[in-house]
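**Q** what's the 3D shape of this:
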Amino acid sequence: MQTELSASMMCANFGNLEKEIKLLEDGGIDSFHIDIMDGQFVPNFCMGIQDLKCIRKLTNKPVEAHLMIKRPLSYLKVFIESGVNVIYVHPEADYQPATTLQAIINAGITPGIAVNPGTSFENVSELLFLAKRVLVMSVNPGNAGQVFLPYIGQKLNKFLNVRKERDIEVYWDGACSEDKIKTYAPKGVKGFVLGTTILFGKEKSYKNILQDVREYCL
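**A** Purely as a prediction, here's the structure:
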């Protein structure tokens, strides 16, 4: 099955967002990944609900909301109503992550958990009975362009080992480079969130870059 490639839109050119989305679509991107940051759970502000709604209107492709915010259940309604296809929440930011995941399920949206580098597989294993996706963060969330943390590979393998038993798919977010894709796509990572490491701010076109990335996944 084809590996899913998602564009990390916090890295996109907002000078002409409509053109940027069209170029990514023409290049073969599978989905759009929207990072929502509150300046509290992570030390940065990033995209907001208006950015999310704008991108949702500009594309028919799947849109993922990655909520890097405290108490996501309190704000879940606005994201559900925005028309997203997937919502990732951080268990570290939520008093009752199982309740939040169930609310996402009840809304007919694919539920996912995003796991920080410092959070172990064991700390979130029970949530895999509810989540359909696990977004493994290979960098500390909050800023683009960070360096890969090498111990993440061992943790990612633990999620891969139970993906069939728990009926989950495993995704990679952060410092997503050619060598990481070549190593982990064959191991079973379902998709990669592409940012400044490999997709944005390069001299090559999105189409040529995504064609190359597809070959890395083989």
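
**Q** when you work out contacts or count neighbours from here on, use the C-alpha atoms and nothing else.
**A** OK.

**Q** which stretches of the protein form strands?
**A** Shown for the chain, the strands assigned by DSSP state E span residues 4-8, 31-37, 63-68, 86-89, 110-115, 133-137, 169-173, 191-194.

**Q** strands paired with the third one, and their directions?
**A** Sheet pairing here is set by DSSP bridges, and for strand 63-68 it gives strand 31-37 (parallel), strand 86-89 (parallel).

**Q** and for residue 96, the neighbour number?
**A** For residue 96, the neighbour count with other Cα atoms under 10 Å is 13.

**Q** which pLDDT value goes with it?
**A** Residue 96 carries a pLDDT value of 92.

**Q** could you do residue 209 as well?
**A** Residue 209 carries a pLDDT value of 97.

**Q** and the gap between the spatially closest residue to it that is not a sequence neighbour and residue 80?
**A** Once flanking residues are discounted, residue 209 sits nearest to residue 199: 6.6 Å by Cα to Cα, 6 or more residues apart in numbering. As for residue 199, its distance to residue 80 is 28 Å (criterion: Cα to Cα, to the nearest Å).

**Q** tell me which of the two has more neighbours.
**A** residue 199 (25 against 18).

**Q** before we move on, the earlier item: and the strands of the chain as a markdown table, adding mean pLDDT?
**A** Below are the strands of the chain laid out as a markdown table (pLDDT from 0 to 100):
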| stretch | mean pLDDT |
| --- | --- |
| strand 4-8 | 97 |
| strand 31-37 | 95 |
| strand 63-68 | 96 |
| strand 86-89 | 98 |
| strand 110-115 | 97 |
| strand 133-137 | 96 |
| strand 169-173 | 96 |
| strand 191-194 | 96 |
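
**Q** between the ones you listed, which one is nearest to residue 212?
**A** Checking the strands of the chain against residue 212 by Cα to Cα gives strand 4-8 as the closest, at 11.8 Å.

**Q** and the closest one, what does it pack against?
**A** Packing partners of strand 4-8 (3 or more Cα pairs under 8 Å, 6 or more residues apart in numbering; DSSP states H and E): strand 31-37, strand 191-194.

**Q** ok, residue 18 to residue 207 distance?
**A** Taken as Cα to Cα, the span from residue 18 to residue 207 is 16 Å.

**Q** can I get the helices and strands packed on strand 4-8 in TSV with mean neighbour count and distance to residue 181?
**A** Output for the helices and strands packed on strand 4-8, formatted as TSV (neighbours: other Cα atoms under 10 Å; distance: least, Cα to Cα, whole Å):
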stretch	mean neighbour count	distance to residue 181
strand 31-37	24	17
strand 191-194	24	8
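
**Q** in JSON lines: those strands, plus distance to residue 212.
**A** Shown next, in JSON lines, are the helices and strands packed on strand 4-8 (distance: least, Cα to Cα, whole Å):
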{"stretch": "strand 31-37", "distance to residue 212": "17"}
{"stretch": "strand 191-194", "distance to residue 212": "13"}
